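Visitor: What follows is a predicted protein model with its sequence.
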Amino acid sequence: MIFLFTDFGAADIYVGQVKAVLHREAPREQVIDLLHDAPAFNVKAGAHLLAALATRIPAGSVTLAVVDPGVGGPREPVAVLADGCWFVGPDNGLISVVAARAKRHQMFSMGWRARNVSASFHGRDLFAPVAAMLARGDRKTPNLKKAALAASFGSDDLGEVIYVDHFGSLVTGLRAGAVPQGRKLVINGRDIPHAQVFSEVRRGEVFWYENSLGLVEIAANATSAAARLGLRVGHVVAVEPG
Amino acid sequence: MIFLFTDFGAADIYVGQVKAVLHREAPREQVIDLLHDAPAFNVKAGAHLLAALATRIPAGSVTLAVVDPGVGGPREPVAVLADGCWFVGPDNGLISVVAARAKRHQMFSMGWRARNVSASFHGRDLFAPVAAMLARGDRKTPNLKKAALAASFGSDDLGEVIYVDHFGSLVTGLRAGAVPQGRKLVINGRDIPHAQVFSEVRRGEVFWYENSLGLVEIAANATSAAARLGLRVGHVVAVEPG
Amino acid sequence: MIFLFTDFGAADIYVGQVKAVLHREAPREQVIDLLHDAPAFNVKAGAHLLAALATRIPAGSVTLAVVDPGVGGPREPVAVLADGCWFVGPDNGLISVVAARAKRHQMFSMGWRARNVSASFHGRDLFAPVAAMLARGDRKTPNLKKAALAASFGSDDLGEVIYVDHFGSLVTGLRAGAVPQGRKLVINGRDIPHAQVFSEVRRGEVFWYENSLGLVEIAANATSAAARLGLRVGHVVAVEPG
């Protein structure tokens, strides 16, 4: 199974070109879109969102992960094997939170290059062919060599909004398991109370809860928390001191 | 074949998680996105849109149908077998129009529960595994028991805008077969004449026609009827008295 | 492999209906979305964008191509075999640039018609079944007869913006190979300098480069060129005289 996590845009012209390569090189593999609207140009937010989504993908899968504002520049490609899952993408920190949180992980450089690599679309020309090779079980052609990540954000949680969904809920980089029960959040000088589920709060009320990825999420019942609070990706979120 | 009809957002982080479960549990099944931008929080509009789309899906298929503002609350899950097609989702009325219009249908409660069900994402944790079981032909594991729907909108047409497409055309819950030939529509105090096809009317003109799902649809030639009329989901649509 | 290139909207209710037909009629074929947000009502821009994307699809594939404001009117359906790739869609010029640029191509009318063809959704009712037949290798059922295209835009480049991606980059119908090295572009009376890659220019700076489809594209580093220049599909783009 090959998962895709990118900022290529779900409705744009890029994903189809990547899939054409994947199906040509690994025709038997299922390809699943995890997300193509990762926050643009924001590698750190993407790294934390990818780490949360990665907890749901099965061992043996390959994830092509590309948020790559530096494409065409000096950053290197990297393949990471983390708890039995492969991740292929730019070595700009995007895969680093997954790697840092894994029980076991290994990092590899890739010697393989396509004959014609565009300057701006390594997702199609470099990462997709390598992802297909790894999905087929071929570790030889990509010419992997053990390496260290050049860029890493570490394993710590991120006290920021990392994603806003289409309902207007604000996903943060804080894992809910680390937040003491019943504690309030503070964002933009405003206290956000905790609730277990949407149906616990009144229509329109803003609250935080542990979302289905285990992250702290700020939501509002039947309306957009993002619109109500005027917030977006990057805003700082803190847990009220105990 | 498994069809998906949800308000999870085509570009958002939810559909990929559902598909990961479906492909793990029913790896041979094709999965087809019918719609992931069903009107949010509007179960009734969704129920009528689903009933129209369901006329195009083949017997033997399974449809996962989720518009579920009450997730985490007391509403139960339900499986409906309607004219040879399975529908799995919340028992909040969403599947009720399909059921009420079917020649033959049966409703079932589901005894099966996953070990870890999130409070907010039953689409992934409950409906997807059950849909996969039914697609594989396994009726035993979900532990189906005959039941009655708790919530139903009945089989009648709905004289409202139930969906606005990206061209700005206004799909209604009225089936065109029941509207006498040549009759005008009335919406917001304004008469809308009938035409067979777009090419019959002048550029920019607003008209109604029988759309490709058999529903009454208000459109404008080469422009957005929604923008021209200032209308959206929920507006009341009436047929001119004869 | 079946590719889809339409203006049906990636998030809308139409693509799923097309895929249901394709999977029923050609269950073994991979179906890949190239683009469903081709510029609406703009057949010429779509024709040039399709020609660029077509350079990336493999011989033996079938592409269903539909931007069809005249659906229901007198325009005929057409199948084109261009350098070993099939294209099926309306004979309104959409496939004509692909055809005109192919080393070898043949055009065919289709005798086959479904029993129930809607007036407004030939993508589902006519083009999808024929695409499936061709993908299965069945040239008999569609009842192909050699024909000539009724509408053609020819093989020449198009000095216009033909697509704006979600980053705000402006894709033009000019192939970069024909633009002399280092030459500036002129758009809206403004000069746009050339750069090889994003990382060559300062943050926010507007430039043009050869994009990953070989087309001239106007972009801005880490921001939207469309927003900065106030441009959209249809704006004229010229190469500075030498």
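Guide: Cool, the structure landed.

Visitor: CA only for contacts and neighbour counts going forward, please
Guide: Noted.

Visitor: residues of stretch A:158-177 that come out buried?
Guide: Of the residues in stretch A:158-177, those scored as buried under the neighbour-count criterion (16 or more other CA atoms under 10 Å in any protein chain shown) are A:158-176.

Visitor: what's in contact with it?
Guide: The set of residues that contact stretch A:158-177 without belonging to it, under CA atoms under 8 Å, 6 or more residues apart in numbering or on different chains, is A:38-39, A:45-46, A:48-49, A:157, A:209-210, A:214-220, A:223-227, A:232-238, B:9, B:12-13.

Visitor: Please report how far A:H48 lies from chain B.
Guide: Counting by CA to the nearest CA, to the nearest Å, the gap between A:H48 and chain B amounts to 13 Å.

Visitor: Extract the C-alpha set from the helix or strand harbouring that residue and format it as PDB.
Guide: Assigned by DSSP states H and E, A:H48 belongs to helix A:43-54. Included here for helix A:43-54 are C-alpha records, laid out as PDB according to Å, rounded to 0.1, in the frame of the first residue of the first chain:
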ATOM      1  CA  VAL A  43       7.200  22.000   6.700                       C
ATOM      2  CA  LYS A  44       7.100  22.000  10.500                       C
ATOM      3  CA  ALA A  45       3.300  21.900  10.700                       C
ATOM      4  CA  GLY A  46       3.300  19.200   8.000                       C
ATOM      5  CA  ALA A  47       5.800  17.100   9.900                       C
ATOM      6  CA  HIS A  48       3.600  17.000  13.000                       C
ATOM      7  CA  LEU A  49       0.400  16.300  11.000                       C
ATOM      8  CA  LEU A  50       2.200  13.500   9.100                       C
ATOM      9  CA  ALA A  51       3.400  12.000  12.400                       C
ATOM     10  CA  ALA A  52      -0.200  11.900  13.700                       C
ATOM     11  CA  LEU A  53      -1.600  10.400  10.500                       C
ATOM     12  CA  ALA A  54       1.300   7.900  10.400                       C
END
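
Visitor: so what does it touch, helix or strand wise?
Guide: When contacts are defined as 3 or more CA pairs under 8 Å, 6 or more residues apart in numbering or on different chains; DSSP states H and E, helix A:43-54 packs onto helix A:96-101, strand A:158-164, strand A:170-175.

Visitor: Rebuild these as CSV, extending it with mean pLDDT.
Guide: Below are those laid out as CSV (pLDDT from 0 to 100):
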stretch, mean pLDDT
helix A:96-101, 98
strand A:158-164, 98
strand A:170-175, 98
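
Visitor: Can you classify the residue in chain A positioned nearest to chain B by secondary structure?
Guide: Of all residues in chain A, the one sitting closest to chain B is A:L34 (4.4 Å; CA to the nearest CA). Here A:L34 is strand, with the state taken from DSSP: H, G, I helix; E, B strand; the rest coil.

Visitor: quick one: it and B:I13 touch, right?
Guide: Yes - counting by CA atoms under 8 Å, A:L34 touches B:I13, with 6.1 Å between them.

Visitor: Compare these two (neighbour count), which wins?
Guide: The neighbour count for A:L34 versus B:I13, taken as other CA atoms under 10 Å in any protein chain shown, is higher for A:L34 (29 against 23).

Visitor: That one - nearest residue in space that isn't next to it in sequence?
Guide: B:G16 (4.4 Å; CA to CA, 6 or more residues apart in numbering or on different chains).

Visitor: Packing partners of whatever helix or strand the one you found lives in?
Guide: Using DSSP H and E, the element containing B:G16 is helix B:14-25. Contact analysis of helix B:14-25 by 3+ CA pairs under 8 Å, 6+ apart lists strand A:31-35, helix B:128-135 as its packing neighbours.

Visitor: mind listing what's buried in the last one?
Guide: To tie it back to what came earlier, the one meant is helix B:128-135. So, applying 16+ other CA under 10 Å, buried residues of helix B:128-135: B:128-135.

Visitor: what's around A:G189, how many residues?
Guide: Here the number of neighbours of A:G189 (other CA under 10 Å) works out to 9.

Visitor: Against B:P241, how distant is it?
Guide: Look at A:G189 and B:P241: by CA to CA, to the nearest Å, they are 57 Å apart.

Visitor: Look up the pLDDT of the spatially most central residue of chain A for me, please.
Guide: The structure's chain A has its C-alpha centroid closest to A:L50; by CA atoms, centre = their mean the separation is 2.0 Å. Reading off the per-residue confidence, A:L50 sits at a pLDDT of 98.

Visitor: Same question for A:M133.
Guide: A:M133 is given a pLDDT of 98.

Visitor: residues from chain A in reach of chain C?
Guide: By the rule CA under 8 Å from any CA of the partner chain, the part of chain A lying against chain C is A:9-17, A:19-20, A:23, A:40-41, A:69-73, A:118-121.

Visitor: repeat that for 10 Å
Guide: Residues of chain A found near chain C (CA under 10 Å from any CA of the partner chain) are A:7-21, A:23-24, A:27-28, A:37, A:40-41, A:69-74, A:117-122, A:124-125.

Visitor: Just the buried ones from the residues you listed, in PyMOL syntax?
Guide: Selecting only the buried members of the residues of chain A next to chain C in PyMOL, with burial defined as 16+ other CA under 10 Å, works like this:
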select buried, chain A and resi 7+8+9+10+11+12+13+14+15+16+17+18+19+20+21+23+37+40+41+69+70+71+72+118+119+120+121+122+124+125
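
Visitor: Now do A:K140: how many residues are near it, please.
Guide: Residues contacting A:K140 under the criterion other CA under 10 Å number 11.

Visitor: Next up, the contacts around it.
Guide: Residues touching A:K140, when contacts are defined by CA atoms under 10 Å, 6 or more residues apart in numbering or on different chains, comprise A:111-112, A:133-134.

Visitor: ok, so of these, who is nearest A:K145?
Guide: Distances from A:K145 to the contacts of A:K140, taken as CA to CA, are shortest for A:G111 (7.6 Å).

Visitor: wait, doesn't that closest one sit right on A:K145?
Guide: Yes - using CA atoms under 10 Å, A:G111 is in contact with A:K145, at 7.6 Å.

Visitor: What's the first helix or strand after the helix or strand encompassing A:A65?
Guide: In the assignment (DSSP H and E), A:A65 maps to strand A:62-66. Stepping forward along the backbone from strand A:62-66, the first helix or strand reached (DSSP H and E) is strand A:77-82.

Visitor: so which residue of chain A comes closest to chain C?
Guide: Evaluated by CA to the nearest CA, chain A has A:G16 as its residue closest to chain C, separated by 4.4 Å.

Visitor: And chain A, split by domain according to the record?
Guide: When chain A is parsed into structural domains using automatic domain parsing, the resulting residue ranges are A:2-146, A:158-239.

Visitor: Of these, which stretch is the most buried?
Guide: By mean neighbour count, with neighbours taken as mean count of other CA atoms under 10 Å in any protein chain shown, domain A:2-146 ranks first of the domains of chain A at a mean of 21.

Visitor: what about it, how long is it end to end?
Guide: 22 Å.

Visitor: what's near enough to touch A:D83?
Guide: A:58-60, A:98-99, A:101-106.

Visitor: Next one, pLDDT for it please.
Guide: A:D83 is assigned a pLDDT of 98 by the prediction.

Visitor: And for the one 10 residues further on?
Guide: If you check A:G93, the pLDDT there is 97.

Visitor: my guess is it meets A:F153, correct?
Guide: Yes - contact status for A:G93 versus A:F153: in contact at 6.1 Å, counting by CA under 10 Å.
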